[in-house]
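[1] Here is my input, please return the structure:
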Amino acid sequence: MKIKRIYIIILLIISSACDPDFINRDQLAVQTTDSFYKTEEDALKAVTAVYNYFQSYDFEVHKFEFGDIASDDAEKGGESDNDRPFVKDLEYFRTQSDNLSCRGMWNICFTAIYHANNTISHIEKIEMDEQLKARLIGEVRFIRAHFYFYLINIFGEVPLVTKTLTSQEYHLPKASKATIWNQIEQDLIFAKNHLPLKSEYPKTDLGRITKGAAQTMLANAYLFQEKWALAQTESKEVILSGEYQLEPEFQDLFQIRKTDFGMESVLEVPHVTTNTGWGDEGEGTVIPIFCRSRNSGGWGFNSPTFDLLAEFEPGDPRLSHTLLFDGDVYEGEVQYNQYSPSHLCSRKVFLTPSERIGFDSSDAPFNLKIVRYAEVLLIHAEAACENGDLQEARTSLNQLRKRARLSSATDRKASFKNYNMYQVSKNQYQAYDFIKYNYTNAASDKANLLPDVTTNNQAELRVAVRHERRIELAMENKRFYDIIRWGEPEAHFHRFAARWNTGKGGQFRKNINEVFPIPQDELDLNPRMTQNPGY
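    Okay, here's the model as predicted:
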């Protein structure tokens, strides 16, 4: 399926039952809403409109801000501290309740949830094929669960909304985390029971949510709650389904149009260029320009840290395809990210000069892989390890290491990779001689490169699993949530700050900064909702 923009009038129609601004409008608006939901085609259009929230400018940008920049994997970057200063506050854990990233993420998540609820309630009333109806509701319930997953991990306890609200129901109190997690689970269980496998969809429906995506997200929800046995079982079912495989070459995952909806893609947001304007006006994504170095016409945000760089094992081919160094050359263009203390950029969302032609810079036709089969294996490895099934954990873990080992360390788009780099900036981090080995020689030594993990010690295997997860999913906006759920985030961030002589992470406070503040304007509107502790 090609996710396409639904005309504004349709979005207004399906919004009308949940947007407070519409409550007091005349009866014509209500009649228009009711008259829209009559046929299967109406239901399909309405569900497609809910998918559009995956493509939201705010959602895509804020995911990187919370998932990467708030972690030890990346820093804000940009032109200066005054370039999106509210993001600087995120990574330094000095966020206030008027923070624009918090407000933006809260608003887009709840807007998507409101529209999901409204769509479900109307589709339930349509006389149509019952199997298709259940499938469409399953897709929307997955989307609702997806946005609640971000809300609970960013804000903790939030109001739980599972239906279209009346004006008397707007002021909801927070629900407990257990209640929210239970709703996420129930939505995903319904979705997995009613959605087709990836192979059962026609090519015209590429991009629709599948049974495998629902199972993977359910396994991830179990993982985040430390329900190890359930996470292991659910992820194992995805593995045994045969629906997914690892791409042979790691770098192919992040080449434009190279592996779109390919064998490793579990959940993917498609983007096509429309050149229709800024932000949500277009069908493309802003992420490549958001992360590209400023000398290449980018904004220089989400800059990788030396700490992430230091995590790579000698010669790991994934390094070449995860990080961009100062001095790297692509089609004659030399990379230079002078506004970042590390001078690094993300390679995973980088477009070469020739790949940027033909579209507005903020409207890139670059698909974003939200969940890869690699993550299924990582979920299974971690759950099996914690469940005491070390053999299963090693099997899944070593599949990833084998793929990395056999991948090329040569970036086929680069004419030069500057691994040995310049004199490192000292304005924030301590100077770090990060190339402690000859990268090219180490990467070519396949016999000794990334050996299989063989330990029978659970604690050692846990370290190996967490290391592999960090490297494999680096710069894919997942790291912050892992640090929090693995426990002792205060000690973790304080060690990071001390190691690199930086203020980033050093202000993390236990039992406060595991979540972020609820936007003040939401508290002002809802007297039954309380601020998170410490804010």
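[2] And the contacts of the helix or strand hosting H494?
    Taking DSSP states H and E as the definition, H494 sits inside helix 489-500. Identification of contacts with helix 489-500 by Cβ atoms under 8 Å, 6 or more residues apart in numbering yields 72, 93, 305-307, 429-430, 432, 483, 502-506, 508-510, 513-514. For every residue, glycine as well, the C-beta is placed using N, CA and C.
[3] Same question for it: list its buried residues.
    Judged by neighbour count (16 or more other Cβ atoms under 10 Å), helix 489-500 contains these buried residues: P489, E490, H492, F493, F496, A497, R499, W500.
[4] What about the contacts of helix 489-500, which are in helices?
    Among these, the ones falling in helices (DSSP state H) are F306, D307, I483.
[5] now, among those residues, which is nearest to H62?
    Each of these was checked against H62 using Cβ to Cβ; the closest is I483, at 17.8 Å.
[6] give me the number of residues near the closest one?
    22 (other Cβ atoms under 10 Å).
[7] thinking again about what came up before, which is the next helix or strand following the helix holding H494?
    In N-to-C order, the element after helix 489-500 by DSSP H and E is helix 520-525.
[8] who's in contact with that next one?
    For helix 520-525, the surrounding residues in contact (Cβ under 8 Å, 6+ apart) are S97, D98, R103, W106, Y170, H171, M529, T530, Q531.
[9] and of those, the nearest to E139?
    Of these, the one sitting nearest to E139 (Cβ to Cβ) turns out to be W106, at 23.4 Å.
[10] Could I get the contacting residues of the nearest residue to that closest one once chain neighbours are set aside?
    Among residues not flanking W106 along the chain, P519 sits closest, at 5.2 Å (Cβ to Cβ, 6 or more residues apart in numbering). Contacts for P519 (Cβ under 8 Å, 6+ apart) come out as S97, D98, N99, C102, R103, W106, N107.
[11] same check, this time on R470
    Counted by Cβ under 8 Å, 6+ apart, R470 has contacts D73, L308, E311, R479, D482.
[12] how far away is the first one from N367?
    Using Cβ to Cβ, to the nearest Å, one obtains 22 Å as the distance from D73 to N367.
[13] Between those two, point out the one with more neighbours.
    Higher neighbour count among D73 and N367: D73, with 28 against 21, using other Cβ under 10 Å.
[14] confidence score at F22?
    F22 is assigned 27 on the pLDDT scale.
[15] before we move on, back to that, going by neighbour count, which of the contacts of P519 are buried?
    Applying 16+ other Cβ under 10 Å to the contacts of P519 flags S97, N99, C102, R103, W106, N107 as buried.
[16] In this model F516 seems to touch Q531, though I could be wrong.
    No: counting by Cβ atoms under 8 Å, Q531 stays clear of F516, with 10.9 Å between them.
[17] Which one's more surrounded, those two?
    Set Q531 next to F516 and count neighbours by other Cβ under 10 Å: F516 wins out with 26 against 13.
[18] The residue lying closest to S199 once chain neighbours are set aside: what's it in contact with?
    Of all residues not flanking S199 in the chain, E243 sits nearest, at 6.0 Å (Cβ to Cβ, 6+ apart). By Cβ under 8 Å, 6+ apart, the residues touching E243 are L197, K198, S199, T210, G212.
[19] So which of the contacts of R470 wins on neighbours?
    If you rank those by neighbour count (other Cβ under 10 Å), D73 sits at the top with 28 neighbours.
[20] coming back round to it: are any of the contacts of E243 buried, and which?
    Buried, going by 16+ other Cβ under 10 Å: K198, T210, G212, out of the contacts of E243.
[21] The second one contacts K198, correct?
    Yes: in this structure T210 lies within contact range of K198 using Cβ under 8 Å: 4.5 Å.
[22] For the residue nearest to S199, which three-state class applies?
    Taken by DSSP: H, G, I helix; E, B strand; the rest coil, the conformation at E243 corresponds to coil.
[23] all strands for the protein, in order.
    For the chain, the strands defined by DSSP state E occupy 74-77, 265-269, 301-304, 323-324, 329-330, 333-334, 345-346, 368-372.
[24] how about these in CSV, adding mean neighbour count, distance to I471 and mean pLDDT?
    As requested, those are exported to CSV (neighbours: other Cβ atoms under 10 Å; distance: least, Cβ to Cβ, whole Å; pLDDT from 0 to 100):
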stretch, mean neighbour count, distance to I471, mean pLDDT
strand 74-77, 30, 14, 96
strand 265-269, 22, 19, 97
strand 301-304, 28, 12, 96
strand 323-324, 26, 11, 94
strand 329-330, 18, 23, 95
strand 333-334, 15, 27, 94
strand 345-346, 30, 14, 96
strand 368-372, 21, 13, 97
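[25] And these: which comes nearest A231?
    strand 368-372 (14.4 Å).
[26] residues in contact with that closest one?
    Residues contacting strand 368-372 (Cβ under 8 Å, 6+ apart): 54, 60, 213, 216-217, 253, 264-269, 271, 285, 287, 349, 476.
[27] how about 7 Å then?
    Contact with strand 368-372 is made by E60, A213, T216, L253, E264, S265, V266, L267, E268, V269, T285, I287, as judged by Cβ atoms under 7 Å, 6 or more residues apart in numbering.
[28] Return the angle between stretch directions for that strand and strand 265-269.
    Relative orientation of strand 368-372 and strand 265-269, computed by axes from the mean of the first three to the mean of the last three Cα atoms, to 10 degrees: 150 degrees.
[29] in its sheet, what does strand 368-372 sit against?
    Paired strands of strand 368-372, with direction, are strand 265-269 (antiparallel) (DSSP bridges).
[30] low-scoring stretches of the stretch 151-300 of the chain, by residue?
    275-282 (pLDDT under 70).
[31] same thing but at 90, please
    Scanning the stretch 151-300 of the chain for pLDDT under 90 picks out 165-170, 272-283, 294-295.
[32] Tell me where it has helices.
    177-194, 211-224, 228-241, 287-291 (DSSP state H, counting those that start in this stretch).
[33] Any chance of these in a markdown table with distance to N398 as columns?
    What follows is the helices of the stretch 151-300 of the chain, written out as a markdown table (distance: least, Cβ to Cβ, whole Å):
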| stretch | distance to N398 |
| --- | --- |
| helix 177-194 | 27 |
| helix 211-224 | 19 |
| helix 228-241 | 14 |
| helix 287-291 | 31 |
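[34] G358: how many residues sit nearby?
    Neighbour tally, G358, other Cβ under 10 Å: 9.
[35] Could you pull up phi and psi at M263?
    Backbone torsions for M263, taken as degrees, to the nearest 10, come to phi -60, psi -20.
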